[in-house]
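*Asks:* Sequence first, then the predicted structure:
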Amino acid sequence: MQNVVTPEPASHAVPSRRPSSGGVGDAVFAGLTRTAGVFVLALLGAIIVVLFIGGLGAFRAFGIGFLFDADWDPVNNIFGAAVPIFGTVVTAVVALVVAVPISFGIAFYLTELSPPWFRQPIGTAIELLAAVPSIIYGMWGFFVIVPIMAQYVQPTVIDSLGDLPVVGDFFQGPPFGTGILTAALILAVMIIPFIAATMRDVFLTVPPVYKESAYGIGCTTWEVMRSIVIPYTKTSVVGGIMLGLGRALGETMAVTFVIGNTNRIATTIFGPGNTIASIVALEFPESQAGSLKLSSLLALGFILFVISFIVLAISRLLLRPQAKT
């Protein structure tokens with residue numbers, strides 16, 4: 001008999017591999033990005049702490065009345081935040097009233113009516129407005145808008161609406177050109193690029209089949225926008241508006257040029273006033289270290305930070321994608 005040699009089964013063992021450098025690189029990259037995120041949070045917290053500690057002197061001296069006192073008298077060390085808070089909120093709100101319809105019109109035209117070859121130039125021009133420095137807007141407002149407001153707009157509005165009951169009280173006063181309305185108009189021009197770009201981008205996210213179905217049953221362009229596009233994108237649109245509001249709240253130099261810089265609550269829309277950012281920019285260089293005035297300015301900065309943080313936090317919540325049910 002011949003000896004039958006049974007072949008040994010082939011080995012299925014996986015050869016050992018040297019550790020890949022990709023795992024180390026991923027770990028390093030993750031660590032760097034985590035450090036960057038923690039750094040941003042630490043920087044944000046440091047700003048809040050510095051402003052709060054710096055403003056403690058004002059909060060201790062005036063208490064909660066600091067928020068509601070309209071007096072600002074550095075000679076007698078009497079400081080109140082009511083005037084700049086009022087000016088900040090009013091100018092930002094009026095700016096939104098002006099900017100939102102214009103931004104909506106721009107986004108509507110670019111997404112629904114504009115020829116394809118014309119969309120890119122207009123979109124680029126709108127976005128370039130966001131790159132203009134704020135001081136340029138301020139100079140433009142002071143040398144161009146203020147004379148127009150003083151010579152044409154304010155006298156015409158005062159003569160036309162000033163004598164009306166109730167409403168006329170908001171359109172009184174000498175036509176100096178500067179004031180709450182002028183500052184709000186400059187702010188409106190500055191925030192239009194942000195709101196319009198957001199609206200345009202979210203309008204483009206609407207699935208074409210939705211709009212085509214609406215057109216197929218005979219809807220007009222405006223009906224499609226009103227019944228399809230706006231309901232589909234309303235959360236993001238509101239979030240974009242809130243982002244524009246946050247931009248308007250913190251503007252400094254452009255507002256300082258045209259608001260009038262008067263520490264009193266304006267009773268008319270043409271009256272001069274102040275904002276938190278403008279009063280800090282004007283009076284911070286004249287504040288001595290450790291003085292109550294410097295503490296009051298830092299307290300104003302803390303209040304502005306809190307207002308801006310609340311607005312931006314709300315916008316972030318509104319910009320979150322809706323959960324699908």
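*Replies:* Here it is on my side, so go on.

*Asks:* Look up the closest residue to Leu300, ignoring the ones flanking it.
*Replies:* Once its chain neighbours are removed from consideration, Leu300 has its nearest residue in Ile276; the separation is 4.9 Å (C-beta to C-beta, 6 or more residues apart in numbering). The way it works is simple: take the backbone N, C-alpha and C, and place the C-beta from them, glycine included.

*Asks:* what about the longest helix along the chain, average pLDDT?
*Replies:* Across the chain, the helix with the greatest residue count (assigned by DSSP state H) is helix 21-62. Within the predicted structure, the mean pLDDT of helix 21-62 is 86.

*Asks:* So which elements touch that helix?
*Replies:* Taking 3 or more C-beta pairs under 8 Å, 6 or more residues apart in numbering; DSSP states H and E as the contact definition, the neighbouring helices and strands of helix 21-62 are helix 292-319.

*Asks:* got the angle for the helix it packs on vs helix 21-62?
*Replies:* Taking axes from the mean of the first three to the mean of the last three C-alpha atoms, to 10 degrees, helix 292-319 and helix 21-62 form an angle of 130 degrees between their directions.

*Asks:* Surely the residue nearest to Leu300 and Ala299 touch.
*Replies:* No. With contacts defined as C-beta atoms under 8 Å, Ile276 does not count as touching Ala299, sitting 10.0 Å away.

*Asks:* Now do the shared contacts for the two.
*Replies:* Counting by C-beta atoms under 8 Å, 6 or more residues apart in numbering, the contacts common to Ile276 and Ala299 are Ala81.

*Asks:* For the two, indicate the residue with more neighbours.
*Replies:* Each of Ile276 and Ala299 had its neighbours counted (other C-beta atoms under 10 Å), and the higher figure belongs to Ile276 (29 against 25).

*Asks:* Let me see the confidence value for the more buried one.
*Replies:* Taking Ile276 on its own, its pLDDT is 90.

*Asks:* contacting residues around it?
*Replies:* Shown here is Ile276, whose contacts under the criterion C-beta under 8 Å, 6+ apart are Ala81, Pro84, Ile85, Gly87, Thr88, Leu300, Gly301, Ile303, Leu304.

*Asks:* can you count the residues close to Phe302?
*Replies:* Burial measure for Phe302: 23 neighbouring residues, criterion other C-beta under 10 Å.

*Asks:* now the one 3 residues further on
*Replies:* Using other C-beta under 10 Å, Phe305 is surrounded by 17 other residues.

*Asks:* again, but for Ser296
*Replies:* When neighbours are counted by other C-beta under 10 Å, Ser296 registers 29.

*Asks:* any idea how far Leu56 is from it?
*Replies:* Taking C-beta to C-beta, to the nearest Å as the criterion, Ser296 is separated from Leu56 by 11 Å.

*Asks:* Same check on Ala27?
*Replies:* The value you get for Ala27 to Leu56, if C-beta to C-beta is used, is 43 Å.

*Asks:* quick one: low-confidence parts of the protein?
*Replies:* Per-residue confidence for the chain (pLDDT under 70) gives these ranges: 1-22, 318-325.

*Asks:* before we move on, the earlier item: and the two most separated of the contacts of Ile276?
*Replies:* Spanning the widest gap among the contacts of Ile276 are Gly87 and Gly301, at 15.1 Å by C-beta to C-beta.

*Asks:* if you count what's nearby, which of the two comes out ahead?
*Replies:* Here Gly87 and Gly301 are set side by side on neighbour count (other C-beta under 10 Å), and the busier one is Gly87, at 30 against 20.

*Asks:* quick one, what contacts Phe270?
*Replies:* For Phe270, the contacting residues are Gln154, Val157, Ile158, Phe171, Gln172, Gly173, Pro175, Phe176, Gly179, Ile180, Leu181, by C-beta under 8 Å, 6+ apart.
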